[in-house]
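Enquirer: what would the 3D arrangement of this be:
(one chain, ligands or ions: 1)
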Amino acid sequence: MITRREALRRLSLTGAAVAVSGPSAISAAFAQSELRRVPALSREDGIIRTVLRDYAPDELAVGPVLMHEHLSIHYPVGVAEHFTDDVELMTEEARLAVSDGVACIVDGGHPDMARSIDALRRISAGSGMPIVAGGGYYMQRSYPAEIASKSAEQIARELVAEVGRDRLGALGEIGQQEGELTPDEQKVFEAIGIAQALTGLPVFTHNAYTGRRAGTIPRDAGLRQLSALVSAGADPESIAIGHMCCLDDPNAEVAIEIASRGAWVAFDRVTLNAIMPDQARVTMAMAFIGAGHADKLLLSSDFYSANSLKSRGGAGLAQTVTVFAPMLREAGASEEVVRGILYDNPRRFLAFVPV
Ligand SMILES: [Zn+2]
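Expert: The predicted structure is shown next:
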């Protein structure tokens, strides 16, 4: 039986061989590849890559792992400064999250959101919090101008180089700004799908779902993202479709469809009540769990608001654990299920075999 590692090696050779034959050939080759036929990664073989070192997944079993937060970002994109520019402040917030029991945090930023790798390293070293750095591109309005003239393969190749250079441990958050992917966003999703297949890294996305506010985002936007990534060669088991807790879908129908295709569902804007009340998120999460998909649910809070800082009286980086998880327990989720979601799922999602 062929191992996944071997499949990925062959795949990257295939990719290299067809790269010269044009844009559509490479994606077709990926889509047809052996990747589809190999057994799922045995996650015990994988590692979780943080900015400072690699971890065996078991080393991070000591606490919850948060799969989408921001420790270094300019938000909204393009602003001249942001509270996260204060590395000492963020180091102290990360230290407080360590005290709250958090074992690891994934940062969802990348250069087009002004995320600084150096800041993440300093925050991690200063606080003792393992930090996984994301990579990629956010959405149309944040893209550097050159994206328009590059091919998906070119973008993917550059990303793979960046992954090695900056010790990236994930590709995310990869987003879209409206209901439909723009042509450039479509191209970036294809590039991310190719880069996933070449690196084995986990991918997480951003959706524009507006909660209960008036909006025109199609319900299946998350499913379309999944299709765009998978058709470019990505493994559904390495993909988390993000912000699914901001789709008003009480029975979690779209989330269940995503899980049934093998991908992860991220409720990664918990505590952002302005978009969607947490109680509605709990209802959806319980529907999703009730349908048998607790092993595909990821929780996080997309930390970017100064009001959430502990130093300003907020709940801090651990708010997923200290504010939202108790609501799940109150709604009837067992301790075993909650622990599996907070401790085990993100480690399984993040573990990958470097290619
Ligand atoms: Zn985010």
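
Enquirer: so what's H206 closest to, chain neighbours aside?
Expert: With sequence-adjacent residues excluded and distances taken as Cβ to Cβ, 6 or more residues apart in numbering, H206 is closest to G175, at 3.1 Å. All C-beta atoms are positioned from the backbone trio N, CA, C, and that covers glycine.

Enquirer: and that neighbour, how many neighbours does it have?
Expert: Neighbours of G175 under the rule other Cβ atoms under 10 Å: 25.

Enquirer: correct me if wrong, but A80 is in a strand.
Expert: No: under DSSP: H, G, I helix; E, B strand; the rest coil, A80 falls outside any strand and is assigned coil.

Enquirer: just give me the neighbour total for it.
Expert: Around A80 there are 7 other residues, counting by other Cβ under 10 Å.

Enquirer: also G172?
Expert: As a burial measure, G172 scores 31 neighbours (other Cβ under 10 Å).

Enquirer: tell me if it really is in a helix.
Expert: No: read with three-state DSSP, G172 is strand and lies in no helix.

Enquirer: quick check: bridge partners of the residue nearest the centre of the chain?
Expert: Nearest residue to the geometric centre of the chain (Cα atoms, centre = their mean): F204, 2.7 Å. Taking DSSP bridges, one finds A240 as the beta-bridge partners of F204.

Enquirer: any idea how far the residue nearest to H206 lies from the ion?
Expert: To the ion, G175 is 8 Å away according to Cβ to the ion, to the nearest Å.

Enquirer: which bits of the stretch 1-150 of the chain sit near the ion?
Expert: For the stretch 1-150 of the chain, the contact set with the ion under Cβ under 5 Å from the ion comprises G108.

Enquirer: one more: the stretch 251-355 of the chain?
Expert: Counting by Cβ under 5 Å from the ion, the stretch 251-355 of the chain sits next to the ion at D302.

Enquirer: please repeat the previous calculation with a cut-off of 8 Å.
Expert: D268, D302, Y304 (Cβ under 8 Å from the ion).

Enquirer: wait, isn't the last one in contact with H68?
Expert: No: shown here, Y304 and H68 do not form a contact pair, counting by Cβ atoms under 8 Å, at 10.5 Å.

Enquirer: ok, back up a step: using CSV, lay out the residues of the stretch 251-355 of the chain next to the ion together with pLDDT.
Expert: Below are these laid out as CSV (pLDDT from 0 to 100):
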residue, pLDDT
D268, 98
D302, 98
Y304, 96
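
Enquirer: which one of the residues in the stretch 251-355 of the chain is closest to the ion?
Expert: Nearest residue of the stretch 251-355 of the chain to the ion: D302, at 4.2 Å (Cβ to the ion).

Enquirer: tell me the SS of that residue?
Expert: D302 - assigned by three-state DSSP - is coil.

Enquirer: who's in contact with it?
Expert: Residues near D302 by Cβ atoms under 8 Å, 6 or more residues apart in numbering: H68, E69, H70, G108, H243, D268, R269, L272.

Enquirer: can you check G101 too?
Expert: Neighbour list for G101: G63, P64, A318, V321 [criterion: Cβ under 8 Å, 6+ apart].

Enquirer: in those, find the pair that's most separated.
Expert: Pairwise distances across the contacts of G101 peak at 9.3 Å for G63 and A318 (criterion: Cβ to Cβ).

Enquirer: shared neighbours of these two, anything?
Expert: Residues touching both G63 and A318 (Cβ under 8 Å, 6+ apart): G101, V102.

Enquirer: who's more crowded, the two?
Expert: Comparing G63 with A318 by other Cβ under 10 Å, the one with more neighbours is A318, at 25 against 17.

Enquirer: look up the closest residue to the more buried one, ignoring the ones flanking it.
Expert: Closest residue to A318 apart from its sequence neighbours, by Cβ to Cβ, 6+ apart: D100 at 3.5 Å.

Enquirer: report how many residues lie close to the one you found.
Expert: D100 has 16 neighbours, counted by other Cβ under 10 Å.

Enquirer: from the stretch 101-250 of the chain, which residue is nearest to the ion?
Expert: As assessed by Cβ to the ion, the ion sits closest to G108 within the stretch 101-250 of the chain, at 4.2 Å.

Enquirer: on that earlier part again, mind putting the contacts of D302 in JSON lines, neighbour count, distance to T91 and secondary structure included?
Expert: Shown next, in JSON lines, are the contacts of D302 (neighbours: other Cβ atoms under 10 Å; distance: Cβ to Cβ, whole Å; DSSP: H, G, I helix; E, B strand; the rest coil):
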{"residue": "H68", "neighbour count": "30", "distance to T91": "20", "secondary structure": "strand"}
{"residue": "E69", "neighbour count": "26", "distance to T91": "14", "secondary structure": "strand"}
{"residue": "H70", "neighbour count": "25", "distance to T91": "14", "secondary structure": "coil"}
{"residue": "G108", "neighbour count": "33", "distance to T91": "19", "secondary structure": "coil"}
{"residue": "H243", "neighbour count": "27", "distance to T91": "27", "secondary structure": "coil"}
{"residue": "D268", "neighbour count": "31", "distance to T91": "23", "secondary structure": "coil"}
{"residue": "R269", "neighbour count": "29", "distance to T91": "24", "secondary structure": "coil"}
{"residue": "L272", "neighbour count": "22", "distance to T91": "24", "secondary structure": "coil"}
